[in-house]
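J.: can't give you the sequence, but here's the structure:
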């Protein structure tokens, strides 16, 4: 295992410390172990709070999206592990301004259990919460069983939309919850892995692929995908992934969409743009208009080589909220 670290045990904590030192005007650490990231400057208005959480190893997801027009707080676990209950409680408390707190995170067992416990404990303090689970990974379950799907990079669209809605002075918890659900329902994601990653505390790759192999539909923790096969040329890979997303979404010709081409960690920007040069005209030829495309590292899996595509189908309100101002080091609409 070759990694730039001091010890596997301090990996997550030292990464968080460095992130907050690099961006002190955006992020601040809280909690007994510093595993809660909050906005460095509180919103200057009463608003619905927006909280997420999840394991380390996916930067800038989850913690990187704390900021104006985005998340208010995030609870952080070890690499690929859910956050502790007490950190979930701290994150929710820090985000509460009397109008309730929406919990918006991926559909993973540990995250669900700990946030549910935190919500139950805080209800005794009068803090109202609602929960929306991201279920955008089409490789993890069929459309019929969509509630079983994992939450992957598409959750970022839901954070952006819900965060913008929460900034509106008259928005209620019910309003923010409803728009978050609509964003989740309108988002689909598919990934493709070319190589595994190594979790520092495990010290070995999470799975194995032959030199000429790739896997379509693999999850961001190395969960099994749809199929393995030979490494495809970029255009063939883009075609297969886009077709999978469009088949899942149904006939949407004429709709406005946002497309995210996301590196899973090791894949360089050049390769993402090679994919986008094929995807953009393909969507436009099918009658779609692309709004605010995102190409870069938005949700990673350590140093995994690979890519995910996320497609958000827009209506007027979703598009307005997507384009609304937001500010953090990893997403900026100004």
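T.: Sure, I can see it. Just so we're clear, the structure is a prediction, and the values are computed from it rather than from any experiment.
J.: For the rest of this, base every contact and every neighbour count on C-alpha atoms.
T.: Fine.
J.: got the contact list for stretch 196-206?
T.: Residues outside stretch 196-206 that contact it (Cα atoms under 8 Å, 6 or more residues apart in numbering): 1, 3, 8-9, 11, 79-80, 207-209, 221-222, 301-305.
J.: And the helices in the stretch 1-150 of the chain?
T.: 11-22, 85-95, 109-123 (DSSP state H, counting those that start in this stretch).
J.: Out of the contacts of stretch 196-206, list just those in strands.
T.: Among the contacts of stretch 196-206, the ones falling in strands (DSSP state E) are residue 79.
J.: is the nearest residue to residue 325 once chain neighbours are set aside in a bridge, and if so with what?
T.: Leaving aside its chain neighbours, residue 325 sits nearest to residue 333 (4.8 Å; criterion: Cα to Cα, 6 or more residues apart in numbering). Taking DSSP bridges, one obtains residue 326 as the residues bridged to residue 333.
J.: What confidence value was assigned to residue 333?
T.: According to the prediction, residue 333 has pLDDT 85.
J.: Residue 101 now?
T.: Residue 101 is given a pLDDT of 98.
J.: that older thread, which among the contacts of stretch 196-206 count as buried?
T.: With neighbours counted by 16 or more other Cα atoms under 10 Å, the contacts of stretch 196-206 contain buried members at 11, 79-80, 221-222, 301-305.
J.: Go through the residues you listed and name the one nearest residue 134.
T.: Closest approach between the buried ones among the contacts of stretch 196-206 and residue 134, by Cα to Cα: residue 221, at 15.6 Å.
J.: Pretty sure the closest one sits against residue 301.
T.: Yes: contact criterion Cα atoms under 8 Å: residue 221 and residue 301 qualify, at 6.6 Å.
J.: list residues touching both of the two?
T.: By Cα under 8 Å, 6+ apart, no residue touches both residue 221 and residue 301.
J.: thinking again about what came up before, narrow the buried ones among the contacts of stretch 196-206 to those in helices?
T.: Applying DSSP state H to the buried ones among the contacts of stretch 196-206, the entries found in helices are residue 11.
J.: Just name the lowest-scoring one in the buried ones among the contacts of stretch 196-206, pLDDT-wise.
T.: residue 222 (87).
J.: For it, give its distance to residue 91.
T.: 28 Å (Cα to Cα, to the nearest Å).
J.: now residue 18
T.: 20 Å.
J.: Neighbour count for those two, which is higher?
T.: Using other Cα atoms under 10 Å as the criterion, residue 18 and residue 91 rank with residue 91 on top: 30 against 11.
J.: residue contacts, the more buried one?
T.: 36-38, 51, 73-75.
J.: Quick one, grab the pLDDT at residue 253.
T.: Value for residue 253, per-residue pLDDT: 63.
J.: And residue 206, by the same measure?
T.: Reported pLDDT for residue 206: 88.
J.: gap between stretch 108-128 and the chain center?
T.: Here stretch 108-128 is found 20 Å from its chain centre; the criterion is Cα atoms, centre = their mean, to the nearest Å.
J.: how about stretch 248-258: buried residues?
T.: Those would be 249, 256-258, for stretch 248-258 by 16+ other Cα under 10 Å.
J.: ok so, going back, OK, contacts around the residue nearest to residue 325?
T.: Residue 333 neighbours (Cα under 8 Å, 6+ apart): 323-327.
J.: Ok, residue 247 next?
T.: By Cα under 8 Å, 6+ apart, residue 247 has no neighbours at all.
J.: What average pLDDT does the helix or strand harbouring it get?
T.: According to DSSP states H and E, residue 247 maps onto helix 234-249. Mean pLDDT, computed over helix 234-249, is 96.
J.: after that helix comes which helix or strand?
T.: That would be, after helix 234-249 and using DSSP H and E, strand 256-263.
J.: Against which helices or strands is that next one packed?
T.: For strand 256-263, the packing partners by 3 or more Cα pairs under 8 Å, 6 or more residues apart in numbering; DSSP states H and E come out as helix 269-285, strand 289-290, strand 294-296, strand 306-314.
J.: which one of those is the most hemmed in?
T.: Across the helices and strands packed on strand 256-263, averaging neighbours per residue (mean count of other Cα atoms under 10 Å) puts strand 306-314 on top, at a mean of 26.
J.: and the angle from it to helix 234-249?
T.: Orientation of strand 306-314 against helix 234-249 (axes from the mean of the first three to the mean of the last three Cα atoms, to 10 degrees) gives an angle of 40 degrees.
J.: which helices and strands does strand 306-314 pack with?
T.: Using 3+ Cα pairs under 8 Å, 6+ apart: strand 306-314 touches strand 187-193, helix 234-249, strand 256-263.
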